[in-house]
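Asks: okay, sequence plus prediction incoming.
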Amino acid sequence: MILMYEDEAAFIEDYIEAIQENGYQIEIYKDADGFLKKVRESYNEIKLMIIDIMVFGPGNEFSGRSTDGGMSSGLVLIDELENLEKEKGIGKPIRKIVFTNRTGPIFEEIKQDKRIWKAIRKSDFLPSEFLDIVKEAIQNGAI
Amino acid sequence: MYQKFKKLYEKIKNPFDLDEISEVISEFILREFEADGCEIKCLGEDDVFFRIHFALCENGQIIHDQEEIEKRFGVKETKYGRSLIGHFIQEETNCLWPEEAEDFKLNFVDWVEISQKPIDKVSALRYNQNMPGGKINNFLVLPIQIPRSEKNYQGYPLKGCIHVFNLCNGSREKKRLESARDSFLEIYPYISLIVFNAIFYNRAKDEIDINKKIEKITSQGKSIQEVLEKVVSEFAGRLHSPLSTVWFPDIKNQLLVLHSYHIKTQFLNTDLKIDEEDIKEAIEKKSPKWLRVDDSISGRLMTDSNCPWIKIHDISGEAPPNYKWKVVIDLIHIDQFIALPIKDAESIIAILVFHPNIPRSEFQKISINYFKSYTTQVATTLKYFMERNFSENAKQLSEKLTQLVNKREERFYHDLVEVINNVIDAEACSVFEARGGDESVRGIYLIATTDKSEEAHKKLGQKIYEIDSQSITGHVALSGESIIVYDVTQVNEFYPAINSMSDNFKEQTARPHKSYIAVPIPAGISNYDDRGTSVLIVRCINKKTGPDIILTELFTMDDKHLLNYVGAILGSFRKVVTTVYERNDLLDLIIHEIENPIVSIRGTIDTIMKKRAQKTLTDERLKQKLDNIDTQSLLLKGLMKNMVFLNQLQQGRKLPVNRKNIHIWKEIIENTLYWMTPHLKNYSLIPVDIIKEDIDPLIRVNADADHLTQVFYNLIINALKYAKPGEIPRITITFKKRPGELTVMVKDWGVGIEENHRGKIFERGFRSQYARKFHIKGKGFGLWLCRELLKYNGISIRVARCKEPTVFEIIIPQKYCNYL
């Protein structure tokens, strides 16, 4: 199962479809609450996480946390996932793809972040190209 | 003469029209002083006219050729030095009163000396032959007084002068001349003031964007002092005030320099200095120049801490109790002013004096828009700056803060924390905003530590504390006092409120930080102005002693005072810095918004191509995909429109209104909903779910279709964004005919609007607490744009109901409606 953190899935419908049509199951969460709940409940079923950085919208988990007004919610989620995986004592964490529109220094920082398997900008990849990355991540990643 | 002049002045219709002023005053002078000519001029350095008043005379021949003159005397042309008037401008001479021209021996050879010698020693002088009035026997040239330094309005070379020639019709009778001169000098300061005022206004009105202004000032300033000076002078320009000033009386709570006194000192061209001797004398003589501090407006501000500022529209009106301003001001040209106190610093007060003929509405506009945002900034900066007995820490801090503010780098808060860290030698500290009285004040904006190791960061940074209304933050916000807590787990003798905090809170708070410094950020600066004060918290860990810090080693209670200043200055600069960030953030958000549909369109095209190649593309699917491309591209167009409008409005440009007779439901709302499909999908809402009630299919409206479309787009997108978490948004649009108007109601059942924000939500940049807390997308431009766009169309918008449902009413006057 692939988990996706994305509040505006309608804009990447074709990307999601491409993944689904290849036989992968994908679940989309537009807030951190549902996403983290799923991770806690069924960690072992998850093969890949696709995380958007700019995610706006209610999520009690993050209320009051500094997400730069939603501009970097994804990064907070990645912190949270790291904690969670450490608590669980997981040696090889699930691969995380950052799939975002963010530009500038923040994106450069994200690219350097070791916790993230690959950071890509949405507009740089077409659905078919994105699918290839997803395939690669799942085939070689920790299962 | 003064009385006569006063009457004359009241006749001036537009106090900013230089031509009118010049005409009226010149006429008055010609009549009253039997002068042959009078001119009132504003000039810039390139004003050629004023350079040709001197010429060279040799053997009865007058030489005007500047090159020849330069060659002969080896002088280079200077900015102003050539002319009589130029001489004034350069020399800042107060008044020129030469002897009768014929008393000079017209030996033009010495003309070069004119700019270096006092005028009465100028032995070579000839007035331009072309000047009106023919032969000139005596003349008077006076510069327009400019109350501040030479660097007046934004460094713009702005000079003016009055010159009058042949007083008393060229009479040489010394007595008569002298009396004319004295009378003239009596009214001269007022002329000067009036002209200056008009010049200033005309320059200032071009500058509209105040944020830009302040930003520019801050970026130019090299020190706090410099920034301060510029801000204050900007105030003067903005408020068309010839005499805006900041007072720093040294004597606390005793006496105050009075307005009129100050004005006079301006005219006399002396610096305003408060001499204790002077004051003593004033008291002994019971001079009306001085007043007890608590009797005057200024005094009231200094002594009454609950008084934010005083705004007076008409000083000649009845004085409210406790104010005695009639004694204070008796000059014709001042009857409006704003005075503001500088919190916690009784010895400082800023007073701004206004021009009376500014229309009331203009004055209110200025004072509300401008003062609201910037008084505190100036006041706090001043307050900070005026505290002379800084500790070493504070000096260092102020220096570094200034550097920081000037650098204005992206990681401002981070750097800020580092600076504080370094100065107070703490291992860690955090600066965050919190709001008192809030049930869940949380949010640590930034944590930095001088220890760069990951471990240290984690130890300090990962914990988020819940602070309830009994928290330090809450206490500071409510009391407005700063707090230093040495050890939050111990009984605190200074702040008993802390003792009553829950153990749970203490426990949470005390690990690993036991010591806190909390400083209120003054109102007017904070983002949380709507309720309470925001607070700056510095949590400290001593490097040497580790988590069990003893803050006493770092600070004493005396330093609390210092921290107030730190808080103030941080607060004041924060405003400037956030303005800049907001702009950058806005751009980021715009990029994000535009990129979404582009990604979608490209993605859809890719899918179509791939499926076509694989021959798996059904007709139905193709239609779906094309529909998506269509809506996405329309969305893009909508975004562009939003930005176009935003840009135009922000630059203060007028929007053209292209009125058409439009079918509001079909052409506006349905259309908008269609191109909003991608958004609606994101919220699992499909357009048909938007219920239309009582729609009269025949209703047509005479308005700009683009504007209305944008308004509905913004209203609907808001309803989507503020839907209740976990619920599918519900929106209804209803039309209602009322006498004289048509009301379109947009209802939603989302989280709603706080009652006390009702009036605020249409303000530019306003974001509710809910929006901040849950990181709802936006920058607070949507509703503002709605209101502005509608305003251009003669339509108004209001919140008719705050919650369950939230109702926005768009009220279209009947003259713009067509009920066929």
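Replies: It's in. Numbering: from 1, shown residues only, chains lettered A, B, ... in the order given.
Asks: tell me where chain A has strands.
Replies: Here chain A has its strands, by DSSP state E, at A:2-5, A:26-29, A:48-51, A:95-100, A:118-121.
Asks: OK, contacts around the residue lying closest to residue B:636 once chain neighbours are set aside?
Replies: The shortest distance from residue B:636 to any non-neighbouring residue, by Cβ to Cβ, 6 or more residues apart in numbering or on different chains, is to residue B:597 (4.6 Å). (C-beta placed from N, C-alpha, C; glycine too.) Residues in contact with residue B:597, defined by Cβ atoms under 8 Å, 6 or more residues apart in numbering or on different chains, are A:11, B:632-633, B:635-636, B:639, B:678.
Asks: helix or strand: which one has residue B:597?
Replies: Here residue B:597, judged by DSSP states H and E, is contained in helix B:559-613.
Asks: helices or strands up against whatever helix or strand comes next after that helix?
Replies: As assigned by DSSP H and E, the chain's next helix or strand after helix B:559-613 is helix B:619-650. In terms of contacts (3 or more Cβ pairs under 8 Å, 6 or more residues apart in numbering or on different chains; DSSP states H and E), helix B:619-650 is packed against helix B:559-613, helix B:671-675, helix B:677-682, helix B:705-721, helix B:782-792.
Asks: which of these sits most buried?
Replies: Mean neighbour count, computed with mean count of other Cβ atoms under 10 Å in any protein chain shown, is highest for helix B:705-721 among these, reaching a mean of 22.
Asks: what helices or strands is that one leaning on?
Replies: Right, helix B:705-721 is packed against helix B:619-650, strand B:659-663, helix B:671-675, helix B:677-682, strand B:731-738, strand B:741-748, helix B:782-792, strand B:806-813 by 3+ Cβ pairs under 8 Å, 6+ apart.
Asks: from chain A, how far off is the closest residue in space to residue B:813 that isn't next to it in sequence?
Replies: Excluding its sequence neighbours, the residue lying closest to residue B:813 (Cβ to Cβ, 6+ apart) is residue B:741, at 5.5 Å. Plainly put, residue B:741 is 36 Å away from chain A if you go by Cβ to the nearest Cβ, to the nearest Å.
Asks: ok, the longest helix belonging to chain A near chain B or not?
Replies: When chain A is parsed with DSSP state H, its longest helix is helix A:73-88. Yes: Helix A:73-88 is in contact with chain B by Cβ under 8 Å from any Cβ of the partner chain, via A:73, A:79, A:83.
Asks: tabulate the residues you listed (JSON lines), appending neighbour count and pLDDT.
Replies: Formatted as JSON lines, those follow (neighbours: other Cβ atoms under 10 Å in any protein chain shown; pLDDT from 0 to 100):
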{"residue": "A:73", "neighbour count": "27", "pLDDT": "82"}
{"residue": "A:79", "neighbour count": "15", "pLDDT": "87"}
{"residue": "A:83", "neighbour count": "12", "pLDDT": "86"}
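Asks: just the closest of these to chain B, please.
Replies: residue A:73 (6.3 Å; Cβ to the nearest Cβ).
Asks: do you know how far the closest one is from residue B:664?
Replies: 37 Å (Cβ to Cβ, to the nearest Å).
Asks: output the below-cut-off pLDDT ranges for chain A.
Replies: Residues of chain A that meet the criterion pLDDT under 70 lie in A:57-59, A:63-69, A:140-143.
Asks: quick check, central residue of it?
Replies: Nearest to the geometric centre of chain A sits residue A:51, at 1.9 Å (Cα atoms, centre = their mean).
Asks: looks like that residue contacts residue A:74 (just checking).
Replies: Yes: the pair residue A:51 / residue A:74 is scored as a contact, 4.8 Å apart, by Cβ atoms under 8 Å.
Asks: mutual contacts of those two, please.
Replies: With Cβ under 8 Å, 6+ apart as the test, residue A:51 and residue A:74 both reach A:5, A:98.
Asks: report the contact partners of residue B:667.
Replies: residue B:705.
Asks: how is it assigned, secondary-structure-wise?
Replies: helix (DSSP: H, G, I helix; E, B strand; the rest coil).
Asks: in stretch B:793-805, what counts as buried?
Replies: Neighbour counts over stretch B:793-805 (16 or more other Cβ atoms under 10 Å in any protein chain shown) mark B:793, B:795, B:797, B:799-800, B:802, B:805 as buried.
Asks: per-domain residue ranges of chain B.
Replies: For chain B, automatic domain parsing gives the domain ranges B:2-204, B:229-386, B:392-573, B:657-819.
Asks: relative to residue B:622, which of the strands of chain A is closest?
Replies: Closest approach to residue B:622 among the strands of chain A (Cβ to Cβ): strand A:26-29, 23.6 Å.
Asks: is that closest one in proximity to chain B?
Replies: No: using Cβ under 8 Å from any Cβ, strand A:26-29 stays clear of chain B, coming no nearer than 10.4 Å.
Asks: from the contact counts, what lies against that strand?
Replies: Contact partners of strand A:26-29 among helices and strands, from 3+ Cβ pairs under 8 Å, 6+ apart: strand A:2-5, helix A:13-21, helix A:32-41.
Asks: chain B is nearest to which of these?
Replies: Among the helices and strands packed on strand A:26-29, helix A:13-21 comes nearest to chain B, with 3.7 Å by Cβ to the nearest Cβ.
Asks: hmm, the closest one touching chain B?
Replies: Yes: Helix A:13-21 is in contact with chain B by Cβ under 8 Å from any Cβ, via A:13-15, A:17-18.
Asks: in terms of secondary structure, what does that helix contact?
Replies: For helix A:13-21, the packing partners by 3+ Cβ pairs under 8 Å, 6+ apart come out as strand A:26-29, helix A:127-140, helix B:559-613.
Asks: lowest-confidence stretch among these?
Replies: With a mean of 65, helix B:559-613 has the lowest mean pLDDT of the helices and strands packed on helix A:13-21.
Asks: follow-up on the earlier one: confidence-wise, which of the domains of chain B is weakest overall?
Replies: Across the domains of chain B, domain B:229-386 has the smallest mean pLDDT, namely a mean of 42.
Asks: how near is the residue nearest to residue B:813 to residue B:708?
Replies: In this view, residue B:741 and residue B:708 are 16 Å apart by Cβ to Cβ.
Asks: ditto for residue B:811
Replies: Distance of residue B:811 to residue B:708, given as Cβ to Cβ: 13 Å.
Asks: chain neighbours aside, what residue packs nearest to residue 22?
Replies: Using chain A. residue A:131 (6.2 Å).
Asks: ah, I was thinking of chain B
Replies: Spatial nearest neighbour of residue B:22, chain neighbours left out: residue B:40 (4.2 Å); criterion: Cβ to Cβ, 6+ apart.
Asks: is that neighbour in a helix, a strand, or coil?
Replies: Per three-state DSSP, residue B:40 ends up strand.
Asks: what about it, how many residues nearby?
Replies: 25 (other Cβ atoms under 10 Å in any protein chain shown).
Asks: from residue B:778, how far off is the nearest residue to residue A:43 once chain neighbours are set aside?
Replies: Nearest non-adjacent residue to residue A:43, counting by Cβ to Cβ, 6+ apart: residue A:88, 6.8 Å away. Plainly put, residue A:88 is 36 Å away from residue B:778 if you go by Cβ to Cβ.
Asks: tell me which of the two has more neighbours.
Replies: Neighbour count, other Cβ under 10 Å: between residue A:88 and residue B:778, residue B:778 has more, with 19 against 12.
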